[in-house]
Each structure stands twice: as structure tokens, then as C-alpha cells.
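> no sequence on hand, only this structure:
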């Protein structure tokens, strides 16, 4: 494993700033809610200035929820339309779209957006500017469903589990679903065994249906974690309430160990050094579909809570929230989506590590992606110019200090790399990692998770939480 | 086969203008040579205004030829450097790069350019603007070659056939050649049997070497066709000499039939209708590597000459020249390269048809690409905003008129589609196509080509022309 100090990053610091935004730190207290467009809601009170969180892509947070008084009416309308049943992953995308994570998208992609996503990882907006968009957010239908739609220009999207209408898709466009091309261009491979492909592409229909979404009510999962599922607007309000003058996002889908904590606290320290008065960390675990051998969301959230309780991260300057997107495991392509969505939630700094959104190659004995490509591609991605990318050096267990530290290649022999596989193996066998690798409370959660597995599941995993409508 | 009139194109005209450039038609005669940057060479004579052909990408035509007095010296320098042997396709790319078709590239791609090409089909330039770049122009080396380079910062590029030094590659960067990812992201498939992959990727090394090229002398092929191989600078001079106020490019790799001729003359007529005084057609057959069952360049050139001789196209307003690029058969990805290169040669209008740069799927019974995707992707491609894209309706043989005409779906039964396969079948069997399909002189060339095949080759094809240094 190469240290970044020897490759992409030439400075001795654990990260450097690839690109500076035009972000202006005004230093004044923030009292104006800036959910939605900063521009639209900016006020001009003399003493209370909106410091302006980063603007959403396209200038406006596109929320697609039907307003409360109209929901009954919309539900009735939905019942009169041709119905398309949604899978759990489809509903997660409806959730993502409904809250504006994918702004400026107004619904499932039409062909023009789909093609731009596949070929350019970005969308040209009507004013000529460019928004990043790297993973297709599309809805597949089969021949029978296409036939059932007939000439209708709208369809109802229905929860397949309980037949509840979730949304209406308007001004629809139906076009071919070129699965092989979609997979090749998104993952850079067509090898069998890509988890998202197996779950959400191989067995779905050969057509895609795009259109404008009207989501009838907020998507809820009723798994005890909905309070952590803050929308971009709610997060923007929270950052404003806390007087954040910088927001740095950390995407993760794994338990937090002290190496992660080190770089998050180190990032905050550096932002303070740069003159920011109150940088806030958005610790943002991914909550949608993940592959079978990842630790499920509910256990990860328990673990993250312990990490905050144990004082490894400071709750005063940390917001823990759930990012509702499903996981593609599409490496350099997907990391752009992860970063772009956080702009919409108000983050202007994005932390990126080694091999983001990567996994092992499904059929060859190697990683699917070059470990350095993710951060390189992210730093060059169209539409992300406003975002400060914070690549970081890899952290490892420093045996001389008995704690996690930034890897120093000049004394490589002092460091121990504890991979995810190694960590899972230790927890499964109820062994302890070296002291200082993870806070004891957090480790205990992991061990409990693996204990819980044995009776609960044949495939080594608890059933994952699925969205359920109220 | 769907008519474009029913899909992408809503107007009844054979093409419409997707996008207008900021091109200004000054109407004055042009006498100033504008090879190289228009900006740099613009003069301010009161009566003779440079009307300004479209600027090359990046503002300047990047020519990489060593000036004549220095060639001896450079050759000597090359002989002192580690040597990399080039294949025929490699030399075609050196040719392409040397003349500035790929401006603003200054040589084989370094990793940053390679990754931007794969992920975004475009390069961000130092001034923040974007140039289109959709196919990787890269040079592969193997472990032994990498080892032989050692710490050298420059290498000599050598013609493998005669060991002549062709170029020096300076400030080199060696990086991994992720073949599977390159193929997936360029072709949208990894199916075995892609011609360019079999020819130029599968069996080459696992490293890529990028750097700045110094090409020691012009690449020549000595096949009697070098006089047709005009560089972008030479074409710009020619268009200027002819007082062109619009240049419309037609890329092809097949014999010209009267359907092609129809749309080229129709395009000229429409440009005249728009107020241009002297639109010039760049009839621009691709001259680099093509697959085994395409008609070889030498025969195509004979056929194109006949078409001009027979008066199907007007020599006064047509420039026939050879585009030296190898063919990828990468559909919507490659058509961007074909268009972008023609901007560098001075074309501000680009004609695009059904399924550009497409082919049959190598392992499935269908076309590899959706026939409409090419022109859609081209119209949305970053860095091509300045180019006027001219999609055209498909032409077919109108049995009622006994000639090629734009297909009219309201009387589909009157039309006969003569595919490339059908055309080749007729010519092989010395049968005649319907009168009016192709001028008799052109058809005769095709029949002669297929006659010549039988004794000449086992695989159904004459050996293709290879670049040969003087």
C-alpha cells in the first residue's frame, strides 16, 4: 500500500487543498435560514448577514415533496394512473430525489440526462453551466409495464410491498435501457458479481422511464433511525443554527476507527488554522443498499454513537446524519456522486481517502480500481470546481506510539495496516484489535453484531432495513 | 430503420441546426493565411479582413514537428536515448498528434489527460475552459520497455519495421494501463472481438507512457496518397485560399454513394440559404487503421476521385483530404473525436448521420450502439459547443424516382435501404445496384476492388497501407 506522500500528494501534510472555492468567510453570526437557494433567501439586515453556505447545484435545492394540504388529492390522482411497482432500491432513489440530494434533477432521468451522465459524468444546465452527475438515477420497467402505460403521460409509483402510492411521475419519457453500456461506462467492467448490478440492474426491465417526480409523502423507514435521516434542507438549517462557517463532509459505509477520527479532527484543526472560526463535521454514513458483507446501517449507527459518546469526536462540532443513497461500489465514478450530493447538503469541503467507493474485483485477485484514481478523478470532475477536495494520507496503527497515526513511509516497519477484512475477522472471532485502534465502546458494538449473525441469517448478514411508508 | 424525422429531429428539413456558434460572417474576401492561431496571425488591413475560421481547440494549432534545420540534431539525440518501438497504429497516432488534430494535446496522454478522457470525454485547460477529448491517445509499453527506460526523462520512438527514429517523447510519465477499464469506458462493452481492441490493446503492454512529442520529420506513407494527407494547417490555408466563409466536414470510411452526395449538396444549398456566400465541403475519409471488412483506403480514394470526376460533387467547392486517425468503432464516444479533430482543421459545421462510428455487436445479433445515440451525444458533448452539428435524415433509394432521396416515412414502401453489407455483396458478385444508387465510375472501382481480392489475400482483404518513413 503506497502512502499518498510518495505519489499524488507532494506536501508533508496529511492533506492539501487541491482547489479553493470562491467561498467568502464573512465571520458574522448566521441567523437566516438558507435551506433552498442562498440567493433567493438572502436578506440584507445590517448586523445579521447570511454567510452563505455553498449554493446547491443549479442554484436551488430541488425538493419534490407534495405540500401537505395537497397530499390527499395527489394520492387520489395516483390511484387513477397506470401503476409501476417499486423495489426497495427504487424507493431509496425516490427518497434521494425527493429531498434534492441530486439537485438539479427533478425526477428519474430522461434519456438526455442518462446519456450525459454515462458519457460526461455531468449535465449541462439551461444557463450553460455544468452540474456534476456521475451515476444514472433511473427507473427500469419491463415490456408489460411499458404496455400497461399505453399513452398515459403520467404514472403512479407504488410500493411493491403494500401497494401504497408513493409518487407520481409526470411528463414521462420511455427509452431503451442499454444495460451492458450502462454497466461498462459506470463501473469500467462488465465482470459478473458487481453487487449493485446483481441487485438492481440484471433482473430489471429493458426500458427506462424518466420524468418529473411528485412525491406524495416523506419516505420513512420506521427502523428507529429516521431521526438521523436529515434532508439537505434540514442539514443546511442545522449548519446555520450552529453558525458553521465551513462544513466538511466525511462519507463512510464502515465502522469508524481511530484512523478516521484522527483525520477528521486533524481536518478541523487545519480549517481553524486557515482562519475558519467554526468548521462543522458532517459525519455522513451511507444508509441505502449496501453489499452483504458490509456492516448493516443499524449496527454502524450504534457504533458511531459510541464513538461520539466515548469522546473520540466532539459532538459540539459534529453532525451525524444518514445519507439515503444506495451504494454502487463504482469507485471513481461514484465518489463524484458522493461529493456532489454533499454540496447540496451545504458541505464545501469533502474528505476523500484511498480507493473511495472501491471494492475487490469480482472475478480477479486485485482491487477493481486503482486506489489513487478516486481522488484524482474527483479533483478533475466537471461541476465540482466549487468544492474543496481534501485528500488525506492513509492512517495506520503506529506500534511505537500504540495509536493510529498518519503513515510515515520512512519508518514503514513501525506501522500495522488493519484492513476491513482483518477488522471483521477479529470482531467475528471476538478478538481485540491493538489498543488504540478503535474506542472500546465502538468495538463492543462490532463484536455484538457478529455474535448476532449466527442464528439470524444463513448468508452471514441480517436483513437490511427497507423503506416502509407510514 | 427509423427516420430521424420521427425521433430526434422534429423539423421536416433533412437536418436542423442543433446549436449556433458565435461565428460571425463578415462577407469579406479572405486573403490572410490563418494556419495556426487565428488570434496570433490576425492582420488589420483595411480592405482585406481575416474572416476567422473557427479557432483550434485551446486557441492554437499545436504542431509538434521539429523545424528542418534541427532535424539532424534531434535524430542524433534520439539515437542516444532509450528506444521504444512503435507499431503501425502507434505511428498513425504520432502522425495525428504531430499535425495538431488533437490540439491542445502536446503528445501522448499523461495520466491526468487519460483519466479525464475516460471519465469526462473532455479536458479542462489551464484557463478553465474545456476541450473535447473522447478517445485515449496513449502509448503502451511492457515491463521490459519500462525497465529499459530506467531513470531517463526522455525516450526515442522508433519505427519497429526499420529502426528509424521517428520522434522524441520528453518529460515522460509512466502509469498503469488499466485495459479493462479503458475498453469498458471507451466502447461501453468488453465483448471480445472489438477490432481496435484486438489490434492495438489486448496484446500491448500493461503500462502507458505519456509526454511531450517532438516529431523528427513529417510522417509519410509513400503509397501515392500522401498528397491527399493535408494537415490541419494546410487545410486551413486551402479554405482561406478558396475564400470559404463556412466549412462543413463529412467524415466517412465507406465508398460515397448518391445518398451521401445528396446530403452534402443539400447541406451546401442550405448554408447558402442561410446567407453564407461560399461554403466549402471537406470530404474527409479516414485513413488510419480500419477493420478487415471495410474497403481499404486506396480503393476508397479511387472511388472518391471517380465521384468527383463524374460530377456528383462539385470539385470547385469540395476539398478531398485524408484524416490520418485510426478507427476505434466506438460509436458515440468516437464521433466526438471525429468532430473535434475537424474543428482543428477549420470546420465549423459537422455532418452526422445514423449510427456514426458504429458497427455490429461483436457477440450479439444487434448493433453495438443505438443508432440515434451518436448524434445525441455529439450535440451534448462538452467542448463542442462552438461546432454546428448537422444531423441528417437517412437517405434511401426512392423506387418511384429511381434515385437516392431523403426517406419519407409516410410512403416507406417506396424506399429501398441498401446497407453496407448489401452493397458489398452486390459488388463482390459483380451485380449492379439500382440505377442512381452510385455513379457508374464509382461502382466500377468497387467491383474491381472485390475482383482484386481473390488472389491477393486469404482473409478477404488487401494488406492495408502502413506508414513508412522516407
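Noted; the coordinates are in hand. The structure presented is a predicted model; accordingly, all values stated were derived computationally and were not measured.
> okay, CA-based contacts and neighbour counts for the rest of this
Fine.
> what's the local residue count around residue A:200?
Using other CA atoms under 10 Å in any protein chain shown, residue A:200 has 17 neighbouring residues.
> report the contact partners of it.
residue A:89 (CA atoms under 8 Å, 6 or more residues apart in numbering or on different chains).
> quick one: pLDDT of residue A:421?
pLDDT recorded at residue A:421 is 79.
> tell me how far residue A:418 lies from residue A:438.
Going from residue A:418 to residue A:438 by CA to CA, to the nearest Å gives 11 Å.
> these two: which is more packed in?
Between residue A:418 and residue A:438, counted using other CA under 10 Å, residue A:438 has the larger neighbour count: 23 against 15.
> quick check: residues of the stretch 1-150 of chain A near chain B?
Residues of the stretch 1-150 of chain A that fall close to chain B, judged by CA under 8 Å from any CA of the partner chain: A:112, A:115, A:116, A:119, A:120, A:121, A:122, A:124.
> the first one: what secondary structure?
For residue A:112, the reduced secondary structure class is helix; criterion used: DSSP: H, G, I helix; E, B strand; the rest coil.
> what do you get for the second one?
Here residue A:115 is helix, with the state taken from three-state DSSP.
> any idea which helix or strand carries the nearest residue to it once chain neighbours are set aside?
What sits nearest to residue A:115 in space, not counting adjacent residues and going by CA to CA, 6 or more residues apart in numbering or on different chains, is residue B:377, at 6.8 Å. Element membership for residue B:377 (DSSP states H and E) is helix B:373-380.
> skip ahead from that helix and say which helix or strand is next.
Using DSSP H and E, the next helix or strand after helix B:373-380 towards the C-terminus is strand B:388-391.
> so for that following strand, mean pLDDT?
92.
> now swap in stretch A:114-126 and tell me
98.
> buried residues in it?
A:114, A:115, A:116, A:117, A:118, A:119, A:120, A:121, A:122, A:123, A:124 (16 or more other CA atoms under 10 Å in any protein chain shown).
> now the end-to-end length of it.
16 Å.
> which parts of chain A are helices?
Along chain A, the stretches classed as helices by DSSP state H are A:38-41, A:71-79, A:88-98, A:111-120, A:143-149, A:179-187, A:195-200, A:232-241, A:258-273, A:297-309, A:331-344, A:373-380, A:420-428, A:440-456.
> could I get those as a markdown table with distance to residue B:151?
As requested, the helices of chain A are exported to a markdown table (distance: least, CA to CA, whole Å):
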| stretch | distance to residue B:151 |
| --- | --- |
| helix A:38-41 | 53 |
| helix A:71-79 | 68 |
| helix A:88-98 | 50 |
| helix A:111-120 | 36 |
| helix A:143-149 | 59 |
| helix A:179-187 | 34 |
| helix A:195-200 | 42 |
| helix A:232-241 | 50 |
| helix A:258-273 | 35 |
| helix A:297-309 | 47 |
| helix A:331-344 | 30 |
| helix A:373-380 | 24 |
| helix A:420-428 | 36 |
| helix A:440-456 | 47 |
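> lowest average confidence across those, which one?
helix A:38-41 (a mean of 33).
> quick one: terminal-to-terminal distance for stretch A:132-143?
32 Å.
> centre of the chain to that stretch, how far?
17 Å (CA atoms, centre = their mean, to the nearest Å).
> wait, what's in contact with residue A:343?
Shown in contact with residue A:343 (CA under 8 Å, 6+ apart): A:54, A:55, A:56, A:57, A:387.
> export those residues as a markdown table, with columns for neighbour count.
Below are the contacts of residue A:343 laid out as a markdown table (neighbours: other CA atoms under 10 Å in any protein chain shown):
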| residue | neighbour count |
| --- | --- |
| A:54 | 26 |
| A:55 | 23 |
| A:56 | 28 |
| A:57 | 27 |
| A:387 | 25 |
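> and which of the residues you listed is nearest to chain B?
residue A:387 (15.1 Å; CA to the nearest CA).
> would you map out the domains in chain A?
A:68-215, A:231-453 (the TED database).
> show the contacting residues for the residue most central in space within chain A.
Computing the C-alpha centroid of chain A and ranking residues by CA atoms, centre = their mean puts residue A:338 first, at 4.4 Å. By CA under 8 Å, 6+ apart, residue A:338 lies in contact with residue A:251.
> gap between it and residue A:321?
14 Å.
> got it, and residue A:341?
13 Å.
> which of those two has more residues huddled nearby?
Of the pair residue A:341 and residue A:321, residue A:341 is the one with more neighbours under other CA under 10 Å, namely 24 against 21.
> I figured the more buried one hits residue A:105, correct?
No - under the criterion of CA atoms under 8 Å, residue A:341 makes no contact with residue A:105, lying 11.4 Å away.
> contact partners for residue A:122?
Counting by CA under 8 Å, 6+ apart, residue A:122 has contacts A:116, A:130, A:131, A:132, A:133, A:134, A:382, A:383, B:120.
> go with 10 Å
A:113-116, A:130-135, A:336, A:381-384, B:119-120, B:382 (CA atoms under 10 Å, 6 or more residues apart in numbering or on different chains).
> beta partners of it?
residue A:132 (DSSP bridges).
> gap between it and residue B:337?
19 Å.
> what is the burial count for residue A:171?
Neighbourhood size, residue A:171 [other CA under 10 Å]: 14.
> I figured it hits residue A:211, correct?
Yes - judged on CA atoms under 10 Å, residue A:171 makes contact with residue A:211 at a distance of 5.4 Å.
> anything in contact with each of the two?
A:110, A:153, A:154, A:155.
> doesn't residue A:146 make contact with the second one?
No - under the contact definition of CA under 10 Å, residue A:153 does not touch residue A:146, with a separation of 11.8 Å.
> what residues do the two have in common as contacts?
Contacts common to residue A:153 and residue A:146, judged by CA under 10 Å, 6+ apart, are residue A:82.
> out of those two, which sits in the more crowded spot?
Higher neighbour count among residue A:153 and residue A:146: residue A:146, with 20 against 14, using other CA under 10 Å.
> show me what contacts that one?
Counting by CA under 10 Å, 6+ apart, the residues that residue A:146 touches are A:82, A:84, A:140, A:174, A:175, A:205, A:206, A:207, A:208, A:209.
> now, the residues you listed that are in strands?
Among these, the ones falling in strands (DSSP state E) are A:84, A:140, A:174, A:175, A:207, A:208, A:209.
> need the max-distance pair from the residues you listed.
A:84 and A:175 (15.5 Å; CA to CA).
> of these two, who's got more company?
residue A:84 (24 against 16).
> ok, that one to residue A:155 distance?
7 Å.
> then residue A:270?
50 Å.
> more neighbours: those two, which one.
residue A:155 (24 against 17).
> tell me the spatial nearest neighbour of residue A:228, not counting adjacent residues.
Residue A:228's closest residue in space is residue A:321 (CA to CA, 6+ apart), at 4.8 Å.
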